[in-house]
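Enquirer: Here is my input; please provide its structure:
(3 chains)
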Amino acid sequence: MFYEKLKAPLEAMLFVNGNPLPINQIIEILGIDKENVEMLVNELQDDMIKANRGLMIKKIADSYQMCTKPQVSGYLERLTEITDKKLSAPALETLSIIAFKQPITKQEIENIRGVRADSIINKLLERNLIQEVGRKKVVGRPILYGTTNIFLQCFGLSDLSDLPALPL
Amino acid sequence: MFYEKLKAPLEAMLFVNGNPLPINQIIEILGIDKENVEMLVNELQDDMIKANRGLMIKKIADSYQMCTKPQVSGYLERLTEITDKKLSAPALETLSIIAFKQPITKQEIENIRGVRADSIINKLLERNLIQEVGRKKVVGRPILYGTTNIFLQCFGLSDLSDLPALPL
Amino acid sequence: MSEEYKVRLKAFEGPLDLLLHLIEKNKIDIYDIPIAVLTEQYLDYLKQFREFNIEVASEFLIMAATLLQIKSRILLPAEEKAEDDEIDLEDPRQELVDRLIEYRRFKEVSNILNELEESQAHLFYRESILPPVQHLPPQGLDIKVLWEAFQNVLEGQLSQKVIQKVSKDKFSVQDKMLVILSLLQNSVDYMILFSEVFSNINNRPELIASFLALLELIKLNRIDIKQNYSFSPIYIYLRNEE
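Expert: Numbering: from 1, shown residues only, chains lettered A, B, ... in the order given. Sure, this is the predicted structure:
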């Protein structure tokens, strides 16, 4: 394949860019079109699986990100200090509502959960799991919230269509 | 080889750990002795070379570090290159003074604009729009600035005589 | 024991959460809620909150009022109900049931998200180690824009002349006094034109320093000023040192 030699630069780019790397940036830097970038990523992924490597590539929204395979996590936990950043049940509930009902206002979230949501929304904003996505065109023009790409990353989703189906 | 399956965790450890990873820590986490760690690292290095990968392993004192291959550095630099769509008003003003009055010192530019010019001059130097063209023969021998060929290119000029005539 | 109990009470995030807990605990059919029983149990919980000095959020109280209202409407005789609006023919429990079901959906899905989050906890990422940002020259600039910028500069310079700052150190009055004296000493008849003092000076700080030097020399009786009539040239003389 003509772009075989682009695998090494692609891997290096994903290595130095810890965050998800937008596919558009890859297209621009490698100078090949989207289809070929996707094929190249798939091949690199295949290589990684075949060679029993410790790394893999994940697709998040329109970006790719390199990370370690889940199988080796036991070793890595001994390497790094793991800070427990698990979300509380109320935060998860609020986040689910925002994920499925976005864009949504604070008031609408509060109606569903039956409790105030200010502090939880602030916490989710702080962790970049949600963001303001606009204003609702009603009286008071309340802020509308939606999820971020970091949300996708945290839950291992490549895009919002990967969300589990809402029960009932 | 009995520790073949330790290659993946080793790779993942080197990936996650941005700084050089001391061999003692590897010994401890993988539970194999120094000799075997060294053999394992060598094998991983061989694999990486054979597979034409973008990454490699460097030995630094008693540590190992994963990094990108020198051959791909050109692609990586492009990850952080920014092409400005336009210049700010102060930058344009300063550039126009240099273009029309070159060669000119920082002090002279500051006298004309009435404000400090250091950071703007640095910005213009960084973008290769201006360059040092000599030293003025006065006390302190201040640097003289002039425009570059890239400046001409950016504004679509073939040479400085294409600049519009000064008024008066 | 009471501490543990307190924690459990606190664990209810809101009135809907508490109601769902009661419904599950009593194996109640959510579509046919025995409202009297549920209301009683709900109020019991609120009482326990108070006993353990747990602040009861206003949302819990509003729900209590809602439950009592539903209960009283169910207890109304059938004839009275019929007199009411059509909407009231609906089961008074309907709205509450809808809210509980909606809330339950998200509670369930949040459990799935929780599992997803846990599975992601086994993946590790690394910090970016990108090369420093490099700014390339901008592209497609118009020479007109540069020209306009320079016009701005020139205009700014004109209005700026009035407010140019005086730099103290560059031109000292002392130096200017010496300059003026040497001008006088080298002139014919120890006399120069006032304007000669200021010739070759094109900035404000220097002008000011020279003028102050003149005043100083007058004060020290080193020079004299003479003008024959209004608007005629002003002359500066060196006085004889006695």
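
Enquirer: Look up how far C:I143 lies from the residue lying closest to C:Q139 once chain neighbours are set aside.
Expert: Using Cβ to Cβ, 6 or more residues apart in numbering or on different chains and skipping residues adjacent in sequence, the residue nearest C:Q139 is B:T83, 6.0 Å away. For the C-beta atoms, the positions are set from N, CA and C on the backbone; glycine is no exception. Per Cβ to Cβ, to the nearest Å, B:T83 is found 19 Å from C:I143.

Enquirer: again, but for A:E28
Expert: Relative to C:I143, and taking Cβ to Cβ, A:E28 is found at 28 Å.

Enquirer: more neighbours, those two?
Expert: More neighbours surround C:I143 than the other of A:E28 and C:I143, with 17 against 11 (other Cβ atoms under 10 Å in any protein chain shown).

Enquirer: The most far-flung residue of chain A relative to its centre and chain B: what is the separation?
Expert: In chain A, A:V139 marks the outermost C-alpha relative to the chain mean, sitting 33.1 Å out by Cα atoms, centre = their mean. Using Cβ to the nearest Cβ, to the nearest Å, we find A:V139 at a distance of 38 Å from chain B.

Enquirer: Tell me, what's the model's pLDDT at that residue?
Expert: Predicted confidence (pLDDT) for A:V139: 90.

Enquirer: Show me the domain layout of chain C.
Expert: Following the assignment in automatic domain parsing, chain C carries domains at C:2-83, C:94-238.

Enquirer: Show me what counts as buried in stretch C:204-213.
Expert: Within stretch C:204-213, the residues that count as buried by 16 or more other Cβ atoms under 10 Å in any protein chain shown are C:R204, C:P205, C:E206, C:A209, C:S210, C:A213.

Enquirer: That one vs chain B: in contact?
Expert: No. On the criterion Cβ under 8 Å from any Cβ of the partner chain, stretch C:204-213 is out of touch with chain B, staying 11.2 Å away.

Enquirer: Just the pLDDT for C:I143.
Expert: 82.

Enquirer: The residue nearest to it when sequence neighbours are not counted and B:I121, how far apart?
Expert: Distance criterion Cβ to Cβ, 6+ apart; nearest residue to C:I143, sequence neighbours excluded, is B:F155 at 4.7 Å. When distance is defined by Cβ to Cβ, B:F155 is 18 Å away from B:I121.

Enquirer: Then A:T68?
Expert: Counting by Cβ to Cβ, the gap from A:T68 to B:I121 is 46 Å.

Enquirer: More neighbours: the two, which one.
Expert: More crowded of A:T68 and B:I121, by other Cβ under 10 Å: A:T68, with 25 against 20.

Enquirer: Provide the partner residues of the more buried one in its beta bridges.
Expert: A:L55 (DSSP bridges).

Enquirer: give me every residue that touches C:D224.
Expert: The contact partners of C:D224, by Cβ atoms under 8 Å, 6 or more residues apart in numbering or on different chains, come to C:I218, C:I236, C:Y237, C:R239.

Enquirer: Quick check: the gap between A:G18 and chain C.
Expert: Per Cβ to the nearest Cβ, A:G18 is found 4 Å from chain C.

Enquirer: wouldn't that residue be in contact with C:S128 here?
Expert: Yes. Between A:G18 and C:S128 there is a contact under Cβ atoms under 8 Å: 3.9 Å.

Enquirer: How is chain A divided into domains?
Expert: According to automatic domain parsing, chain A comprises the domains A:4-79, A:89-162.

Enquirer: pull the helix or strand with minimum mean pLDDT from the chain.
Expert: By default, I'm working from chain A. Within chain A, no helix or strand scores below helix A:73-79, which has a mean of 86 by mean pLDDT, DSSP states H and E.

Enquirer: actually it's chain C I care about, not the one you picked
Expert: That would be, for chain C by mean pLDDT, DSSP H and E, helix C:78-83 at a mean of 57.

Enquirer: Quick check: next helix or strand after that one?
Expert: Next in sequence after helix C:78-83, counting helices and strands by DSSP states H and E, comes helix C:94-120.

Enquirer: what about that following helix, near chain A?
Expert: Yes. Judged by Cβ under 8 Å from any Cβ, helix C:94-120 comes into contact with chain A through C:99, C:101-103, C:105-114, C:116-117, C:119-120.

Enquirer: elements contacting that helix?
Expert: Using 3 or more Cβ pairs under 8 Å, 6 or more residues apart in numbering or on different chains; DSSP states H and E, the elements in contact with helix C:94-120 are helix A:89-101, helix A:106-113, helix A:149-154, helix C:15-25, helix C:58-75.

Enquirer: Including distance to chain B and mean pLDDT, could the ones you listed go into TSV?
Expert: Converted to TSV, the helices and strands packed on helix C:94-120 look like this (distance: least, Cβ to the nearest Cβ, whole Å; pLDDT from 0 to 100):
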stretch	distance to chain B	mean pLDDT
helix A:89-101	26	94
helix A:106-113	36	94
helix A:149-154	16	89
helix C:15-25	38	91
helix C:58-75	44	89
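
Enquirer: burial of the residue nearest to C:Q139, as a residue count?
Expert: Neighbours of B:T83 (other Cβ under 10 Å): 11.

Enquirer: Let me know the distance separating it from chain A.
Expert: Distance from B:T83 to chain A, by Cβ to the nearest Cβ: 11 Å.

Enquirer: and chain C, which residues reach chain A?
Expert: So far as Cβ under 8 Å from any Cβ goes, chain C lies against chain A at C:13-17, C:57, C:59, C:63, C:99, C:101-103, C:105-114, C:116-117, C:119-131.

Enquirer: Buried subset of those, written for ChimeraX?
Expert: Restricted to buried positions by 16+ other Cβ under 10 Å, the ChimeraX selection for the residues of chain C next to chain A reads:
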select /C:13,14,15,16,17,57,59,63,99,102,103,105,106,107,109,110,112,113,114,116,117,120,121,122,123,124,125,126
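
Enquirer: returning to that earlier point: mind checking the domains of chain A for the one nearest to B:G74?
Expert: Nearest of the domains of chain A to B:G74, taken as Cβ to Cβ: domain A:4-79 at 8.2 Å.

Enquirer: Now C:Y235: which helix or strand?
Expert: Using DSSP H and E, C:Y235 falls in strand C:234-238.

Enquirer: Over to A:K59?
Expert: Going by DSSP H and E, A:K59 is part of strand A:55-60.

Enquirer: Looking at strand pairing, list the partners for the closest residue to A:L152 other than its chain neighbours.
Expert: Excluding the flanking residues, the one nearest A:L152 by Cβ to Cβ, 6+ apart is A:I60, at 5.1 Å. For A:I60, the beta-bridge partners are A:S63 (DSSP bridges).

Enquirer: need the longest helix for chain A.
Expert: Counting residues, the longest helix found in chain A (DSSP state H) is helix A:34-50.

Enquirer: now that helix: mean pLDDT?
Expert: Here the average pLDDT along helix A:34-50 is 92.

Enquirer: That one and chain B, any residue contact?
Expert: Yes. Under the criterion of Cβ under 8 Å from any Cβ, chain B is reached by helix A:34-50 at A:D47.

Enquirer: Remind me what that helix packs against, helices and strands.
Expert: Looks like helix A:34-50 contacts helix A:7-16, helix A:23-30, strand A:55-60 (3+ Cβ pairs under 8 Å, 6+ apart).

Enquirer: neighbouring contacts of the shortest one?
Expert: It stands for strand A:55-60. Applying Cβ under 8 Å, 6+ apart, the external contacts of strand A:55-60 come out as A:14, A:20, A:41, A:44-45, A:48-49, A:64-69, A:149, A:152-153, A:156-159, B:11-12, B:15, C:123.

Enquirer: For the strand or helix carrying C:D224, buried residues please.
Expert: Take DSSP H and E as the rule and C:D224 turns out to sit in strand C:223-227. Buried residues in strand C:223-227, counted by 16+ other Cβ under 10 Å: C:I223.
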